[in-house]
Structures are given as C-alpha cells and as structure tokens.
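Engineer: could you work out the structure for the sequence below:
(chains A and B)
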Amino acid sequence: MPSPASPSALTAAPTDTLPDGPDVPDGELVLVEDPVRPPPTPEESLAARLGAALRDAGASGRRFVRAVADDPVSAVRSLAEPLGLDPDAAAEELTAFLRSRVQGDYPVDAFGFDVELTELVFLPLLRPLVRSWFRVELRGAENLPTTGPALLVSNHAGAFPLDGMVLHTVVFDEIGRHPRMLGADLIFSTPFSADLARKTGTTLACPEDAERLLRAGELVSVFPEGFKGLGKRFADRYKLQRFGRGGFVSTAVRASVPIVPVSIVGSEEIYPVLGRLPTLARALGWPYFPLTPTFPWLGPLGAVPLPSKWVIEVGEAIATDELPPGAADDPMVVFDVTDQVRETIQQTLYTLLMQRRGTFF
Amino acid sequence: MATTPTVLVTGVSRSLAARFARAAAADTVCEVIGVDMTPPRDDLGRATFVRADIRSPAIAKVVQGRGVDTVVHMAIVATPAGESGRASARETAKEINVIGTMQLLAACQRAATFRKLVVQSSVSVYGASPRDPAAFTEEDSARVQPRTGFGHDAIEIESYVRGFGRRRPDVVVTTLRLATLLGAGVDSRLARYLSLPVVPRVLGFDARLQLLHPDDAVRALELVVREDLPGTFNVAAPDVVTLSQAIRRMGRPTVGVPRGSAPLVASLFRSWRAADFSADQIDALTYGRVMDTSRFTEAGFVPCRSTAEALAEFVATAQPGLLSAERVEGAAGAVARFAERADRRADRHAARRAGRA
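Structural biologist: You can find the predicted model right below:
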C-alpha cells in the first residue's frame, strides 16, 4: 500500500518534471545563451513547486480517500507509520487523555492555567498557523530568558489578539516556557474568550496578578498598547500607541525583573482595519468594530487572517535591578524606562520594516 | 471570676459551629457555651447549650453573667434556613447577620472580662467580577462591591468588627474569611448545586473554585482561639479546581445557560426547590474567585486537605451521577458484551448455514 501522505509529496518536486506553463509559449521561446537550463529564479521555482505539490497532494488525496474507504483502520495505521507514530500507543495515550478530561482529573493552577490542554491541544492547533501560514521567523532567541522571572513587552495589532497566541507558541517552542499573558478585562467578561484565556495561561492585566506571576518566577508577556493597539487603523500600522500609564514598568521595577522588548512585524497586516464604526461598537460594548476587507462581508471567512510573513525580534533585556529603591513609585523613572522600552520596540520595528522585501514574502 | 477560660460560640445550631464547639470543649481545659435560638441538631459534646437570641439584648446577660473571655461569632447565615417564603427568609438571614452582630458586639464591648473576638467571615466579601485579580489577598477589596445578598452582609459584619476593634484596642480581634466548605456530608448551596442530576452552568465561563474541608475550618478556628493572631486571614486550601472539573468528577451532565438568562434559570430552580442561588453566587460560579492564603500559612496554619481532596471526599459520599466513572465503565462494558454476543450469534448463523449447505 502506498503511504498516502508521505512527507516527500509536500517538498520540492524534481525540476525536470515541471510542465510547460502558459507563460512558456511553444517555439517562440528565446533561450538564454547558456544551453544548460538556468537556475530558476525564486518566484519561478516557488510557483512551480507549489503547483507540483498541489498536484501530488491531489493525487495522493484521492488515493488516500479510496484507501480509507477500503479499510479505514489499516489506512490510519499506514498514515501513522511514516510519521514515526505508534498507532497503538497513540490510541492509548489519546484514550488516557480523554478519560482524564471526561473525569475532570487534571491540574490547573490558581490562575486557571491548564498546562496539559495548552500543550496537547491549543499549541498544536496554533502551530500550523505559526509555521505555515505566517512563517514566523524568530530573531534574537538568545535574548529569551530561560530561567527566572522576566517581562516580555511587545507591540500589539491586528484587531484580534492573535499576536499574543503566536508569541506564546514561538516562545514555548524555542525555550519550553509558557509566557503568561496579561489581558484586558473585556476578555474575561466575554463568554468563551474568558474560558479559553484562563485555560491558556492568560490573566487579568492588573498589578496584583503581574506581581504574583513574577514573584512565582514566571515569564510574563504584556501588550501595553492594549485595545488602542489592536484596533489601530491599517494606515497607522507600526506606529506604536501610548504605552498605557507605565504600569507594567513599575511592576517590573518593583519585582526587579528584566524587561525584554519584543518587536513583531507582520501582525499588523493580518486584519487590515479600515474602519471602526464607533456607534455600532458602543452598542455591542466592544472597544471597536473592525471593518476589514473581508469582515464582516464574508461572515466567518472574514476571520481568516491574511498570510503575512512575520518576523519576531527579541531585544536585549533592560535590567531594572540597578535602579534605586523606591524607583517604582517615582514617576520620572517609570516614564523614562517606559520611553526606553517603547523607543527600542519602535526603532526595531522600523529596522525590520526596512529589511522586509514584501508583506507576504 | 472564673478561673477557667470561657468560650462563647454563637450559631451552634449550624453544623460547623457545633463541630467547633464540640472540638473546643473536648481537647482544652476551657468551658464552652454554645448559643443559638434553636437547639443544635449535632451533638455538642462537653459544651453547654444556652438558648438565646443574639439579636436581643439578652445576649449581654450571657456574655457578662458567665464571665466570657472569648467569643467565636459564627451565627452568620449564608443560606436562609427556612426555604419557605424566600423573601422573608432572606430578611431573617440579614437580620441575624447584621443586627445579631451589632448586638453581640455591643454586649462584648461592655464585658470587662472579654479579651478575644473571633469572627467567621466569608470569601463572599471579595465579590466576583471579570475585573478581579486572580487571587485576593487580605488587603484587596472587591472591585465590584456586592450590593445585595450574603456578600454585602459579610462586608457589613466586617466593618462592625473593625469598629469594635478600634473601640476596644485591648481585645484581640481575628476575622477568618473561610472559603466555600465542601467535604463528606456537607449540606450547602454548592453541595446541592453539584448534586443536581443535570447541572446548569453559565455558558463560556469556567469558574475557579477553591474549597475548604470542614475539618480544616475547625482546626483554623481552634488555632486562632488558642493563639493570639490579631487581624484578618483568608482560610482555604491553596489549590484550585475549575467548576467544569468539579461537575465532571461528580459525573454530572451539564447544560450551558447564557449569562443573561442565568438569573432566570436560578429563579426557576429556586421555585422547584432544587437549588437556591442569588446574584452574587451566580457571579462566583461564573467568574470564580480564589484567595491568597499565604498570610495564614505564615501564621502557622496549613490545611490538611487540598481542594481536590475535599471535592473527592464529597464526590465519594454523593449520589453517583449519570456520567460517573463507574457508570461510564459499566456502559462501556455493556457495549463490549453486546458486541461479543452479536459476534457469537453471527458465528452460530454462519455455522448453521455451512451445515445446511
């Protein structure tokens, strides 16, 4: 039996099997001097590869459907083997997981963080989005603190807090720590979002919770722009909004933990906010009603984010333990550090934007 | 003057106060007097019962006449006792909570021998809202203050107690904010709610629950009676279970109720006398609330039972639910047996057919 979804089907197809595209008219083609086929330009090869991969996937998909119809159990087994999975062990693991879920027998912490669910369900669901859709590139990974408490501070955009989830996935995959996000109270008063947020480690953005997490030695991530950042118009992308009142800085200073600036490029294009309909937003109790090229016109399809290419750059940590005692209550110090963090992120964003060739590649 | 210390416990017709009175009378040399309007159902052990209404000035006679030096105030009613006539039951509860506390404190203030006041308060003082931090310390107050119900009463009680502390600085005043009690045989709102055959739950929220085993509550009270620990303390097991976990461990199916219609559903259940929930309790079961217990831990109290253990004990003694572990296993076994039988029947058929041919 052929292995239907073998990984090779999705990787590069040999170039000599490429079909002649419509842009290669017969006979008229003037070849370059070199009789040897020139190395394909990146666009050509990409398009060709994509076409071949789609064709292969289609063919193997049909084979796969036929195989599943013939004998479902062995089809699933043959699918599991090339992926290096032991179907019996996996089934047992799944049963155990489902059993513990049905019986409510799993730990959550005082914030409601369900590590098991996050690692086994939430992050695996996000990974394809992070790796294949946004193709997130992480720079400065060495600046991510592998031990001890730290505060990750990042820019925020995109009408929907996907950037927080993406950052969570990337940081966890890189250093194996869960950044605990701080969210606005709207998240916790909204059904389902409240449940999901707590289970994936988010808690309310208030000094008490931030300090509690930092004292426990956790990695905390915060988006000080808040809703002003999320709802900023497409025209204002990559222009940082006000960084709150510097509450995150005084919390970090009080706990004397380092502040790590994180700059995310790409998140600001996933849902281009064209308008915000303040009246409708007020009626719904939302901070804004995003009008994007696809939302609300396409209904649920409007929720599909644009596949922009993301770059996440982690900057060098800003130490706060050398500040004099009582600095957390000194507004001058707090504003200075807030500005420093904000400027670092803004400058990094500009640098990354200069290097970027295109929004989607 | 009395040579043995005398402890007065109010509200002993309720089971936690009765258990505490019995425990305090058993293992110390002090004399324990239990006070309530109705005789206790539980055994008070060596403690003596005095029938008195704390809402009337008669309580002063008991406090002064018996030379009481410690008062443990536990006549605090979250559940209106008589389920008949809901509005009046709530009114009575409020009167016991607020007027009762005022009278008791007035009586204590005049008693010369009096030197310690222990007040049972509740996690309800913190309210529950989406704007609250994940865990409350003793310094925190509710971001959204409970305006009605037991939470409001508890806040008022604590404010009277604080006032008393200011007027009598020589008295050691300890307030214990107890988490929701759960354990074997506990009859409370939460217990009745979790025991419903199908549990309604606010859709899209999963409250964090923090529990306290009654044994630990009694131990906490004994500690603060034995030792002088002035101030306010959160008393709870440090760990947390979510409401969905609790319901699943009970083996109950749930039905999601949109938040807007939760009060309506609660009033329906109230009229069926199945469960009784006020607005502040619905909030607690929607947004959840957790207390930071580090201050009491530092003062020397470590609960013996975790939240999970308290819940497990309750589950073990409760009626098994529709989806309880045993029933699910049993159903799976039945399906397997049925499949086996069907297999055997098919085999027999095949054999018969082969024999005919």
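Engineer: use CA for all of it now, contacts and neighbours both
Structural biologist: Fine.
Engineer: how about stretch B:206-224 against chain A, any contact?
Structural biologist: Yes: Stretch B:206-224 comes into contact with chain A (CA under 8 Å from any CA of the partner chain), by way of B:Asp206, B:Arg208.
Engineer: give me the distance between A:Ala59 and A:Gly51.
Structural biologist: 12 Å (CA to CA, to the nearest Å).
Engineer: report the mean per-residue pLDDT for the longest helix that chain B contains.
Structural biologist: In terms of residue count, the longest helix belonging to chain B (DSSP state H) is helix B:325-356. The pLDDT scores in helix B:325-356 average 82.
Engineer: list the buried residues for that helix?
Structural biologist: B:Ala325 (16 or more other CA atoms under 10 Å in any protein chain shown).
Engineer: packing partners of the lengthiest helix in chain A?
Structural biologist: Longest helix in chain A, counting residues (DSSP H): helix A:42-70. With contacts taken as 3 or more CA pairs under 8 Å, 6 or more residues apart in numbering or on different chains; DSSP states H and E, helix A:42-70 sits against helix A:72-80.
Engineer: circling back to that earlier point, buried residues of the longest helix of chain A, list them for me.
Structural biologist: A:Ser45, A:Ala48, A:Arg49, A:Leu50, A:Ala52, A:Ala53, A:Asp56, A:Ala57, A:Ser60, A:Arg63, A:Phe64, A:Ala67.
Engineer: adding pLDDT, write those out as TSV.
Structural biologist: Shown next, in TSV, are the buried residues of helix A:42-70 (pLDDT from 0 to 100):
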residue	pLDDT
A:Ser45	66
A:Ala48	75
A:Arg49	74
A:Leu50	74
A:Ala52	79
A:Ala53	76
A:Asp56	80
A:Ala57	76
A:Ser60	78
A:Arg63	76
A:Phe64	71
A:Ala67	72
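Engineer: run a quick neighbour tally on B:Val125.
Structural biologist: Neighbour count of B:Val125, defined by other CA atoms under 10 Å in any protein chain shown: 22.
Engineer: contacting residues around it?
Structural biologist: The contact partners of B:Val125, by CA atoms under 8 Å, 6 or more residues apart in numbering or on different chains, come to B:Ser141, B:Ala142, B:Pro146, B:Gly151, B:His152, B:Ala154, B:Ile155.
Engineer: returning to what we had before: is any residue of the longest helix of chain B near chain A?
Structural biologist: Yes: against chain A, helix B:325-356 shows contacts by CA under 8 Å from any CA at B:Ala325.
Engineer: before we move on, the earlier item: looking at the buried residues of helix A:42-70, spot the one nearest chain B.
Structural biologist: Nearest to chain B among these is A:Ala67, at 25.8 Å by CA to the nearest CA.
Engineer: tell me, how many neighbours does A:Ser267 end up with?
Structural biologist: A:Ser267 - counted by other CA under 10 Å - has 31 other residues nearby.
Engineer: could you give the average pLDDT over the strand ranked longest in chain A?
Structural biologist: What stands out as the longest strand in chain A, according to DSSP state E, is strand A:259-265. In this model, strand A:259-265 has an average pLDDT of 96.
Engineer: and if you look at stretch A:302-314?
Structural biologist: Rounded mean pLDDT across stretch A:302-314 is 91.
Engineer: span of it from start to end?
Structural biologist: 30 Å.
Engineer: quick one: the strands in the stretch 1-150 of chain A?
Structural biologist: A:137-139, A:150-154 (DSSP state E, counting those that start in this stretch).
Engineer: report the two of the buried residues of helix A:42-70 separated the most.
Structural biologist: A:Ser45 and A:Ala67 (31.8 Å; CA to CA).
Engineer: re the thing from before, what packs against the longest helix of chain B?
Structural biologist: Looks like helix B:325-356 contacts no helix or strand (3+ CA pairs under 8 Å, 6+ apart).
Engineer: what is the burial count for residue 307?
Structural biologist: Because you didn't say which chain, this covers chain A. 20.
Engineer: ah, I was thinking of chain B
Structural biologist: Neighbours of B:Thr307 (other CA under 10 Å): 25.
Engineer: I'd say it and B:Pro214 touch.
Structural biologist: No: in this structure B:Thr307 lies outside contact range of B:Pro214 using CA atoms under 8 Å: 11.5 Å.
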